[in-house]
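**Q** next input, structure requested:
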Amino acid sequence: MSATPHVQVPHSLDEPVPMTLPRLAEKKRLGEPIVMVTAYDYPSAQVAQAAGVDVVLVGDSGAMTVLGYPSTVPVSVDEMLMLAKATRRGLRTPLLVGDLPFGSYEASDEEAILTAQRFIKEAGCDAVKLERGGTSVERARAIVDAGIPVMGHVGLTPQTATALGGYRAQGRTAERAIQVGRDALALQEAGCFSIVFEAIPAAVAAALVPRLEIPVIGLGAGPATDGQVLVFHDLLGIYEGHAPRFAKRYSDIKAQMVAGVGEYAADVRNRTFPGPEHSYSIDEQELEEFRAALA
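**A** I've put the predicted structure just below:
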């Protein structure tokens, strides 16, 4: 008699169910909005988990918000893997997507596959993301054929912002809007399970989304997309760098952090911290023996 296979079940009926690619596709079919945020470390991943988001992207925006680079371009694969590993430890249910950094996938299909494999094997990501159409379509197809899910990204693509004329909205002419649509359809045809639309006119996104079978996640692309994504540090007011027009700030965490640290510094300087409640005691007899030993 064969043994009964072990089936892992949730601890309770109330425990969230892990997000999967079929569930994302079903959300699009049912018209249920998809919630996606970026996260770059264990604490931010825990926040995303507790808040019940559907997808977490370890974005190369972490180059600026966490690592202090002036743009996303300098960040390395090893640095992105470090951020992705930390984020993975804080997540249970959201789908985890790792951003392939600039220079890590463009040269060849082989390079793209090897980089993507590192994000899956070393960091525990469920999928990877790459930018642009053009040659990136072939890279996406190669990665998908290697068994790794890929999320595309069109419109404003920060890794190649210089070639696009800077960090500015894309698709604001008929010609450019058509190109955005062509890139999106090509990435879908290559096997991408989802696409990010960044900084394109809302009307252009509204016209394109119904023509795509896969979920479209908007970042400054209006309300017609299948979901939305914001950078963790933008939506919580942690990052002081340039905030794009489409980033809504839901809190001002940095101001609270500065105020808290400032209050701590003042307490130390006026010797009100630490107080008795922050200190450890010792038995009086043990203390006398200790003092005697010192003498």
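
**Q** kindly provide the distance from the nearest residue to residue 55 once chain neighbours are set aside to residue 200.
**A** Computed as CB to CB, 6 or more residues apart in numbering, the closest residue to residue 55 that is not its neighbour in sequence is residue 36, at 4.0 Å. The way it works is simple: take the backbone N, C-alpha and C, and place the C-beta from them, glycine included. Per CB to CB, to the nearest Å, residue 36 is found 17 Å from residue 200.

**Q** residues in contact with residue 106?
**A** Taking CB atoms under 8 Å, 6 or more residues apart in numbering as the criterion, residue 106 is in contact with 112, 135-136, 139.

**Q** switch to 7 Å and redo it
**A** Residues in contact with residue 106 (CB atoms under 7 Å, 6 or more residues apart in numbering) are residue 135.

**Q** let's verify it: helix, strand, or coil?
**A** coil (DSSP: H, G, I helix; E, B strand; the rest coil).

**Q** how about the one 4 residues further on?
**A** Following three-state DSSP, we place residue 110 in the helix state.

**Q** look up how far residue 234 lies from it.
**A** 35 Å.

**Q** can you pull the contacts of residue 128?
**A** Residues touching residue 128, when contacts are defined by CB under 7 Å, 6+ apart, comprise 97-98, 100, 116, 119, 143, 148, 150.

**Q** that one and residue 108, how far apart?
**A** Distance from residue 128 to residue 108, counting by CB to CB: 16 Å.

**Q** residue 45 contacts residue 51, correct?
**A** No - using CB atoms under 7 Å as the test, residue 45 is too far from residue 51 to be in contact (10.7 Å).

**Q** got the contact list for residue 21?
**A** 149, 193.

**Q** one more time with 10 Å
**A** Taking CB atoms under 10 Å, 6 or more residues apart in numbering as the definition of contact, the neighbours of residue 21 are 95, 126-127, 149, 193-194, 214-215.

**Q** most neighbours out of the residues you listed, which is it?
**A** Using other CB atoms under 10 Å as the neighbour test, the contacts of residue 21 are led by residue 194, with 29 neighbours.

**Q** how near is that residue to residue 16?
**A** Computed as CB to CB, the residue 194 to residue 16 distance reads 20 Å.

**Q** now swap in residue 244 and tell me
**A** Where residue 16 is concerned, residue 244 sits at a distance of 30 Å (CB to CB).

**Q** who's more crowded, the two?
**A** When neighbours are counted by other CB under 10 Å, residue 244 and residue 16 differ, and residue 244 comes out ahead with 15 against 12.

**Q** surely that one and residue 221 touch.
**A** No - taking CB atoms under 10 Å as the definition, residue 244 is not a contact partner of residue 221, at 11.9 Å.

**Q** next SSE downstream of the host helix or strand of residue 154?
**A** Assessed by DSSP states H and E, residue 154 sits inside strand 150-155. On the C-terminal side of strand 150-155, the nearest following helix or strand under DSSP H and E is helix 174-189.

**Q** and that next one, which residues are buried?
**A** Judged by neighbour count (16 or more other CB atoms under 10 Å), helix 174-189 contains these buried residues: 176-177, 179-181, 183-188.

**Q** next, format those as TSV and append distance to residue 272 and pLDDT.
**A** Output for the buried residues of helix 174-189, formatted as TSV (distance: CB to CB, whole Å; pLDDT from 0 to 100):
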residue	distance to residue 272	pLDDT
176	60	93
177	61	95
179	62	95
180	58	95
181	63	96
183	60	96
184	59	97
185	64	98
186	63	97
187	59	98
188	61	98
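
**Q** nearest to residue 282, of those residues?
**A** Minimum separation from residue 282 among the buried residues of helix 174-189 (CB to CB) is found for residue 187, which lies at 66.3 Å.

**Q** spatially nearest residue to the closest one (excluding sequence neighbours)?
**A** Take residue 187 and drop its neighbours on the chain: the residue closest to it by CB to CB, 6+ apart is residue 152, 3.5 Å away.

**Q** wait, doesn't that neighbour sit right on residue 184?
**A** Yes - judged on CB under 10 Å, residue 152 makes contact with residue 184 at a distance of 7.1 Å.

**Q** anything in contact with each of these two?
**A** Counting by CB under 10 Å, 6+ apart, the residues touching both residue 152 and residue 184 are 133, 192, 195-197, 214, 216.

**Q** would you mind listing where this structure has pLDDT under the threshold?
**A** For the chain, the stretches with pLDDT under 70 are 1-15, 160-167, 241-242.

**Q** residue 154 pairs with what?
**A** According to DSSP bridges, the partner residues bridging residue 154 are residue 197.
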